[in-house]
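In: the amino acid sequence is not available; the structure is as follows:
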């Protein structure tokens with residue numbers, strides 16, 4: 001997944017940052033899609049997070065790669 005603050009550089013899914021969490025060398029970013037209100041979870045490197053300077057409520061654009069989707073009743 002790639003995130004950008006510039007729609008032309010990344011893709012067409014608009015989202016809003018709802019939470020930023022730090023986990024060692026990774027930064028977990030929780031997003032909500034603006035069109036369908038679906039949650040999107042992103043994991044960024046610390047450097048990518050610094051480059052984007054993301055804050056809660058920021059609007060970003062998402063380009064998906066290697067996606068996984070689970071149904072709500074999914075069980076292991």
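Out: In hand now; what should we look at? In this text the structure is predicted, and so the values were computed from the model without any measurement. Numbers count the residues shown, from 1 in each chain.
In: drop to CA atoms for contacts and neighbour counts, all remaining ones
Out: Fine.
In: contact partners for residue 52?
Out: Residues near residue 52 by CA atoms under 8 Å, 6 or more residues apart in numbering: 4-5.
In: for residue 72, see how far away it is.
Out: Separation of residue 52 from residue 72 (CA to CA, to the nearest Å): 31 Å.
In: just residue 53 next, same as before
Out: 32 Å.
In: same question, residue 17
Out: Note on residue 17: its distance to residue 72, by CA to CA, is 22 Å.
In: equivalent analysis for residue 50, please.
Out: Computed with CA to CA, the distance linking residue 50 and residue 72 is 33 Å.
In: quick one, which of the two is more surrounded?
Out: residue 50 (11 against 6; other CA atoms under 10 Å).
In: in which helix or strand does that one reside?
Out: When elements are defined using DSSP states H and E, residue 50 is found to belong to helix 46-52.
In: what residues sit buried inside that helix?
Out: Buried positions in helix 46-52, judged by neighbour count with 16 or more other CA atoms under 10 Å: 48-49.
In: off-centre distance for that helix?
Out: Distance of helix 46-52 from its chain centroid, counting by CA atoms, centre = their mean, to the nearest Å, is 13 Å.
In: which is the succeeding secondary structure element to it?
Out: Heading C-terminal from helix 46-52 (DSSP H and E), you reach strand 59-63.
In: paired strands for that following strand, with orientation please.
Out: strand 2-4 (antiparallel), strand 13-23 (antiparallel) (DSSP bridges).
In: of these, flag the one that's most buried.
Out: strand 2-4 (a mean of 19; mean count of other CA atoms under 10 Å).
In: what sits up against that strand?
Out: 10, 52, 60-65.
In: pLDDT check: weakest of those residues?
Out: Least confident by pLDDT among those: that is residue 10, with 55.
In: before we move on, back to that, the contacts of strand 2-4, buried ones only, as a ChimeraX selection?
Out: Entered in ChimeraX, the line below selects the buried ones among the contacts of strand 2-4, by 16+ other CA under 10 Å:
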select :10,60,61,62,64
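In: neighbours of residue 57, just the number please.
Out: For residue 57, the neighbour count with other CA under 10 Å is 13.
In: state the pLDDT value of it.
Out: Looking at residue 57, its pLDDT is 96.
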